[in-house]
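Asks: fold the following for me, if possible:
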Amino acid sequence: MARRFRGERGVAFPSPVVMLSVVAVAMAGLAYVATQGGEPTEREVTTVSLPDPGSPTTTTVEATPEPAPVVKKDKPPPVQRGKVYVEVYNNSGITGLAGEVAARADRAGWQVVGADNWYGSIPASTVYFPQRLERAGKLLAADLDIDRTRPAIEGPMKLDRLTVVLTADAQ
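Replies: You can find the predicted model right below:
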(Lines give C-alpha, C1' and ligand atoms only; values in the text may rest on other atoms or scores of the structure.)
Protein backbone atom coordinates (compact mmCIF):
# COMPACT_ATOMS: atom_id res chain seq x y z
CA MET A 1 0.00 0.00 0.00
CA ALA A 2 1.38 3.37 -0.99
CA ARG A 3 1.68 6.00 1.65
CA ARG A 4 0.72 9.54 0.92
CA PHE A 5 2.82 12.32 2.32
CA ARG A 6 1.72 15.79 3.08
CA GLY A 7 2.24 18.15 0.14
CA GLU A 8 2.45 15.41 -2.46
CA ARG A 9 0.24 15.84 -5.45
CA GLY A 10 -0.25 13.68 -8.43
CA VAL A 11 -2.45 13.18 -11.44
CA ALA A 12 -3.39 9.81 -12.83
CA PHE A 13 -4.04 9.98 -16.55
CA PRO A 14 -6.56 7.56 -18.04
CA SER A 15 -5.25 4.80 -20.20
CA PRO A 16 -5.35 5.26 -23.98
CA VAL A 17 -8.19 2.74 -24.18
CA VAL A 18 -10.38 4.85 -21.91
CA MET A 19 -9.48 7.99 -23.86
CA LEU A 20 -10.39 6.32 -27.17
CA SER A 21 -13.66 5.06 -25.68
CA VAL A 22 -14.61 8.57 -24.54
CA VAL A 23 -13.82 9.96 -28.01
CA ALA A 24 -15.83 7.19 -29.70
CA VAL A 25 -18.87 7.84 -27.50
CA ALA A 26 -18.63 11.58 -28.14
CA MET A 27 -18.40 11.03 -31.92
CA ALA A 28 -21.39 8.66 -31.82
CA GLY A 29 -23.40 11.27 -29.92
CA LEU A 30 -22.50 13.98 -32.43
CA ALA A 31 -23.43 11.71 -35.34
CA TYR A 32 -26.77 10.91 -33.70
CA VAL A 33 -27.60 14.60 -33.14
CA ALA A 34 -26.50 15.58 -36.65
CA THR A 35 -28.73 13.01 -38.36
CA GLN A 36 -31.93 13.74 -36.42
CA GLY A 37 -34.88 15.34 -38.16
CA GLY A 38 -33.90 14.45 -41.71
CA GLU A 39 -36.60 12.83 -43.80
CA PRO A 40 -35.37 9.77 -45.67
CA THR A 41 -35.41 10.38 -49.39
CA GLU A 42 -36.97 7.75 -51.59
CA ARG A 43 -36.67 7.52 -55.33
CA GLU A 44 -38.77 5.56 -57.74
CA VAL A 45 -36.59 3.23 -59.77
CA THR A 46 -37.87 1.92 -63.08
CA THR A 47 -36.12 -0.54 -65.29
CA VAL A 48 -35.83 0.30 -68.92
CA SER A 49 -35.19 -2.45 -71.41
CA LEU A 50 -33.63 -1.87 -74.76
CA PRO A 51 -35.97 -2.41 -77.70
CA ASP A 52 -35.72 -5.67 -79.56
CA PRO A 53 -34.00 -4.93 -82.88
CA GLY A 54 -36.41 -7.27 -84.68
CA SER A 55 -39.47 -5.58 -83.20
CA PRO A 56 -41.39 -3.37 -85.63
CA THR A 57 -42.51 -0.82 -83.03
CA THR A 58 -40.89 0.53 -79.92
CA THR A 59 -42.59 2.29 -77.07
CA THR A 60 -40.83 4.74 -74.82
CA VAL A 61 -42.09 5.01 -71.25
CA GLU A 62 -40.95 7.89 -69.10
CA ALA A 63 -41.29 7.73 -65.36
CA THR A 64 -42.74 10.91 -63.94
CA PRO A 65 -42.22 11.60 -60.30
CA GLU A 66 -45.34 11.97 -58.18
CA PRO A 67 -45.95 15.51 -57.02
CA ALA A 68 -45.08 16.22 -53.43
CA PRO A 69 -48.09 16.14 -51.15
CA VAL A 70 -49.49 19.52 -50.26
CA VAL A 71 -48.92 20.21 -46.59
CA LYS A 72 -51.72 22.18 -45.01
CA LYS A 73 -50.55 24.70 -42.53
CA ASP A 74 -52.82 24.32 -39.58
CA LYS A 75 -53.77 27.38 -37.64
CA PRO A 76 -51.66 27.67 -34.52
CA PRO A 77 -53.50 26.79 -31.33
CA PRO A 78 -55.13 29.69 -29.53
CA VAL A 79 -53.16 31.42 -26.81
CA GLN A 80 -54.12 30.13 -23.38
CA ARG A 81 -53.83 33.22 -21.23
CA GLY A 82 -53.83 31.32 -17.93
CA LYS A 83 -50.71 29.38 -18.93
CA VAL A 84 -48.58 32.44 -19.76
CA TYR A 85 -46.65 34.19 -16.97
CA VAL A 86 -46.76 38.00 -16.94
CA GLU A 87 -44.69 40.49 -14.97
CA VAL A 88 -45.78 44.15 -14.85
CA TYR A 89 -43.37 46.99 -14.08
CA ASN A 90 -43.98 50.69 -13.45
CA ASN A 91 -41.54 53.04 -15.20
CA SER A 92 -43.50 56.20 -14.44
CA GLY A 93 -43.97 58.45 -11.47
CA ILE A 94 -47.57 57.26 -11.03
CA THR A 95 -47.91 55.38 -7.74
CA GLY A 96 -49.65 52.01 -8.03
CA LEU A 97 -49.77 51.93 -11.84
CA ALA A 98 -48.15 48.49 -12.09
CA GLY A 99 -50.62 47.08 -9.55
CA GLU A 100 -53.62 48.50 -11.42
CA VAL A 101 -52.49 47.16 -14.80
CA ALA A 102 -51.54 43.80 -13.25
CA ALA A 103 -55.09 43.54 -11.88
CA ARG A 104 -56.51 44.29 -15.36
CA ALA A 105 -54.30 41.58 -16.88
CA ASP A 106 -55.38 39.16 -14.15
CA ARG A 107 -59.07 39.89 -14.83
CA ALA A 108 -58.42 39.21 -18.55
CA GLY A 109 -57.18 35.72 -17.58
CA TRP A 110 -53.38 36.17 -17.69
CA GLN A 111 -51.23 34.56 -14.98
CA VAL A 112 -49.67 37.63 -13.36
CA VAL A 113 -46.68 36.60 -11.25
CA GLY A 114 -45.36 39.98 -10.18
CA ALA A 115 -45.62 43.76 -10.21
CA ASP A 116 -42.81 46.14 -9.29
CA ASN A 117 -40.91 49.25 -10.37
CA TRP A 118 -38.68 49.36 -13.47
CA TYR A 119 -35.52 51.42 -13.45
CA GLY A 120 -34.43 52.52 -16.89
CA SER A 121 -35.60 54.51 -19.86
CA ILE A 122 -38.50 53.20 -21.95
CA PRO A 123 -40.04 55.57 -24.55
CA ALA A 124 -43.61 54.21 -24.27
CA SER A 125 -45.51 51.45 -22.50
CA THR A 126 -44.31 48.18 -24.03
CA VAL A 127 -45.05 44.47 -23.87
CA TYR A 128 -41.80 42.50 -24.25
CA PHE A 129 -42.02 38.89 -25.36
CA PRO A 130 -39.58 36.01 -25.86
CA GLN A 131 -39.68 34.70 -29.43
CA ARG A 132 -41.84 31.67 -28.62
CA LEU A 133 -44.46 33.89 -26.93
CA GLU A 134 -44.78 36.53 -29.66
CA ARG A 135 -48.47 35.81 -30.35
CA ALA A 136 -49.24 35.89 -26.63
CA GLY A 137 -47.37 39.19 -26.27
CA LYS A 138 -49.40 40.82 -29.02
CA LEU A 139 -52.63 39.50 -27.47
CA LEU A 140 -51.66 40.85 -24.04
CA ALA A 141 -50.86 44.22 -25.59
CA ALA A 142 -54.32 44.26 -27.18
CA ASP A 143 -55.96 43.27 -23.88
CA LEU A 144 -54.18 46.14 -22.07
CA ASP A 145 -54.52 48.72 -24.89
CA ILE A 146 -50.74 48.97 -25.30
CA ASP A 147 -49.60 49.83 -28.83
CA ARG A 148 -45.92 48.89 -28.55
CA THR A 149 -44.52 45.31 -28.50
CA ARG A 150 -40.88 44.30 -28.73
CA PRO A 151 -38.74 41.14 -28.39
CA ALA A 152 -37.57 40.57 -24.81
CA ILE A 153 -34.10 41.71 -23.81
CA GLU A 154 -32.07 38.89 -22.33
CA GLY A 155 -30.56 39.88 -19.02
CA PRO A 156 -32.98 42.21 -17.37
CA MET A 157 -35.98 40.17 -18.58
CA LYS A 158 -36.85 36.54 -18.02
CA LEU A 159 -37.33 34.58 -21.25
CA ASP A 160 -40.14 32.34 -19.98
CA ARG A 161 -42.73 35.08 -19.59
CA LEU A 162 -44.10 38.34 -20.92
CA THR A 163 -42.79 41.58 -19.43
CA VAL A 164 -44.93 44.73 -19.39
CA VAL A 165 -43.11 48.00 -18.75
CA LEU A 166 -45.49 50.94 -18.21
CA THR A 167 -44.81 54.62 -18.75
CA ALA A 168 -47.04 57.63 -18.03
CA ASP A 169 -49.01 56.96 -21.26
CA ALA A 170 -50.56 53.79 -19.74
CA GLN A 171 -53.11 55.58 -17.57
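Asks: distance of Ile122 from Val164?
Replies: 10 Å (C-beta to C-beta, to the nearest Å). In this view, the C-beta of every residue, glycine as well, is placed from N, C-alpha and C.
Asks: now Tyr119
Replies: In this view, Tyr119 and Val164 are 15 Å apart by C-beta to C-beta.
Asks: doesn't Pro78 make contact with Ala136?
Replies: No: Ala136 lies out of contact with Pro78 (C-beta atoms under 8 Å); the separation is 10.1 Å.
Asks: which of those two has more neighbours?
Replies: Comparing Ala136 with Pro78 by neighbour count (other C-beta atoms under 10 Å), the higher total belongs to Ala136, at 22 against 8.
Asks: which one of Ile122 and Val164 has more residues nearby?
Replies: Val164 (28 against 16).
Asks: quick one: the more buried one is in a helix?
Replies: No: according to DSSP: H, G, I helix; E, B strand; the rest coil, Val164 belongs to no helix; its state is strand.
Asks: what's the first helix or strand after the longest helix seen in the chain?
Replies: Assignment by DSSP state H gives helix 16-34 as the longest helix of the chain. For helix 16-34, the succeeding helix or strand toward the C-terminus, using DSSP states H and E, is strand 85-90.
Asks: neighbouring strands - and their directions - for that next one?
Replies: Paired with strand 85-90 in the same sheet, following DSSP bridges, are strand 111-117 (parallel), strand 162-166 (parallel).
Asks: could you point out which of the ones you listed sits nearest Pro69?
Replies: Ranking these by their distance to Pro69 (criterion: C-beta to C-beta) puts strand 162-166 first, at 37.0 Å.
Asks: contact partners of that closest one?
Replies: Outside of strand 162-166, the residues within contact range by C-beta atoms under 8 Å, 6 or more residues apart in numbering are 84-92, 97-98, 101, 105, 110, 118, 120, 122, 125-129, 133, 136-137, 140, 144, 146, 152, 157.
Asks: ok, 7 Å please
Replies: Strand 162-166 is touched from outside by 84, 86-92, 97-98, 101, 118, 122, 125-129, 133, 136-137, 140, 144, 152, 157, with contacts defined as C-beta atoms under 7 Å, 6 or more residues apart in numbering.
Asks: tell me which of these fall in strands.
Replies: Per DSSP state E, strands hold the following members of the contacts of strand 162-166: Val86, Glu87, Val88, Tyr89, Asn90, Thr126, Val127, Tyr128, Phe129.
Asks: and which of the residues you listed is nearest Tyr32?
Replies: Nearest to Tyr32 out of the ones in strands among the contacts of strand 162-166 is Phe129 (C-beta to C-beta; 33.2 Å).
Asks: thanks again, I'm all set now.
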